[in-house]
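K.L.:
Fold the following, please.
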Amino acid sequence: MRLDRALSNSGCGTRNDVRTLIKKRKVTVNGIIVTDPSVHVEKTDAIEIEGSDTKLKDKLYFIFDKPDEVLTAMDDKRYKNIGDFIPPELKNLKLSPVGRLDYHTTGLLIITNDGELSHRITSPKYEIPKVYTVTYEGKALTQEEIEEAEKGVTLNDTDKPVKLRPCKIDVVSDDTVDITLYEGKTHEVRRLISHFGKQVLTLRRVKIADITLPEDSISGTFYEMSEEQIVAIRKVTGLI
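P.N.:
From the prediction side, this is the model:
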């Protein structure tokens with residue numbers, strides 16, 4: 001693959017950004033300065049940009065701290081959306097969010113161009129746990145209600161009854177719980193809380209499998225996943 005295309009596809013900048021770096025003699029391949037963007041490179045080649053090792057990648061993996069009132073879509077003419085937060089150099093790399101978070105749900109989204117990983121995280125077949133912190137209005141959930149949810153409740157808020165898979169509920173306080181889901185039915189957490197006569201005030205996803213946002217994460221921030229995180233999420237989804 002051409003050097004400029006390989007580096008751009010690896011998230012190192014736009015094609016123009018990469019070509020500028022190459023022409024300014026900032027890029028080396030196997031220890032040799034390269035000034036021709038069309039030079040052919042392989043994954044096994046040792047590439048450095050301004051003295052820093054750079055690995056060529058087929059797939060890119062990021063996590064995003066979704067703010068409130070942001071649509072889980074890469075483009076929308078009416079509403080602020082995930083695509084508005086994607087760095088310019090990554091715009092054309094076919095990235096997309098894994099699953100969805102409601103307009104008023106905040107927190108962890110995985111952003112990737114790895115279609116198989118995305119499928120496995122969102123498919124109920126693989127039972128990938130997703131943890132949500134919920135604050136709600138109403139009386140505290142009782143032990144009986146928690147046990148009912150953990151056995152799998154049947155919702156009757158639509159034309160046909162909907163049976164939910166068992167979930168896990170950890171009480172944080174009288175009005176806050178952590179709910180772990182193993183599927184992703186539409187508005188599942190909000191409907192589950194409503195089933196018990198309460199109303200969700202805030203809803204934030206804090207974990208997918210072993211992937212979490214940094215403790216000091218700021219809403220709207222876009223992070224590159226570490227090699228350890230990539231290995232972990234690919235392992236839990238059976239891709240490794």
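
K.L.:
From the recorded domain assignment, give the ranges for the protein.
P.N.:
Following automatic domain parsing, one gets these domains for the chain: 3-54, 61-124+214-236, 129-208.

K.L.:
would you list those domains in a markdown table and tack on mean pLDDT?
P.N.:
Formatted as a markdown table, these follow (pLDDT from 0 to 100):
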| stretch | mean pLDDT |
| --- | --- |
| domain 3-54 | 91 |
| domain 61-124+214-236 | 94 |
| domain 129-208 | 96 |
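
K.L.:
Throw the ones you listed into JSON lines and include mean neighbour count, thanks.
P.N.:
All C-beta atoms are positioned from the backbone trio N, CA, C, and that covers glycine. Formatted as JSON lines, the domains of the chain follow (neighbours: other Cβ atoms under 10 Å):
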{"stretch": "domain 3-54", "mean neighbour count": "15"}
{"stretch": "domain 61-124+214-236", "mean neighbour count": "16"}
{"stretch": "domain 129-208", "mean neighbour count": "15"}
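
K.L.:
Give me the residues contacting stretch 129-146.
P.N.:
105, 107, 169, 171-172, 174-182, 184, 189, 193, 196-209 (Cβ atoms under 8 Å, 6 or more residues apart in numbering).

K.L.:
before we move on, what about stretch 5-16?
P.N.:
1, 4, 17-18, 21, 27, 41, 47, 49, 54-58, 60, 88-90, 92-93, 224.

K.L.:
Can you tell me which of the contacts of stretch 129-146 end up in helices?
P.N.:
Among the contacts of stretch 129-146, the members found in helices (DSSP state H) are 189, 193.

K.L.:
could I get stretch 87-103 in PDB with only the CA atoms?
P.N.:
Extracted C-alpha coordinates of stretch 87-103, given in PDB (Å, rounded to 0.1, in the frame of the first residue of the first chain):
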ATOM      1  CA  PRO A  87     -11.500  14.600  14.400                       C
ATOM      2  CA  PRO A  88     -11.200  15.900  10.800                       C
ATOM      3  CA  GLU A  89      -8.400  13.400  10.000                       C
ATOM      4  CA  LEU A  90     -10.700  10.500  10.800                       C
ATOM      5  CA  LYS A  91     -13.800  11.700   9.000                       C
ATOM      6  CA  ASN A  92     -13.300   9.500   5.900                       C
ATOM      7  CA  LEU A  93     -12.300   6.200   7.500                       C
ATOM      8  CA  LYS A  94     -15.800   4.700   7.800                       C
ATOM      9  CA  LEU A  95     -16.000   4.900  11.500                       C
ATOM     10  CA  SER A  96     -19.300   4.400  13.200                       C
ATOM     11  CA  PRO A  97     -20.700   4.000  16.700                       C
ATOM     12  CA  VAL A  98     -21.300   0.500  18.100                       C
ATOM     13  CA  GLY A  99     -24.900   0.400  19.000                       C
ATOM     14  CA  ARG A 100     -26.900   3.400  20.100                       C
ATOM     15  CA  LEU A 101     -27.400   5.600  23.100                       C
ATOM     16  CA  ASP A 102     -30.700   7.500  23.300                       C
ATOM     17  CA  TYR A 103     -30.600  11.300  22.700                       C
END
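
K.L.:
what comes into contact with it?
P.N.:
Looking at what lies outside stretch 87-103 - Cβ under 8 Å, 6+ apart - the contacts are 8-9, 11-14, 17, 60, 62, 64, 66, 68-74, 79, 82-83, 86, 107, 109-113, 117-118, 121-122, 184, 187, 190, 203, 205, 208, 222.

K.L.:
switch the cut-off to 6 Å
P.N.:
Contacts with stretch 87-103, where a contact means Cβ atoms under 6 Å, 6 or more residues apart in numbering, come from 11, 13-14, 66, 72, 74, 82, 109-111, 113, 118, 121-122.
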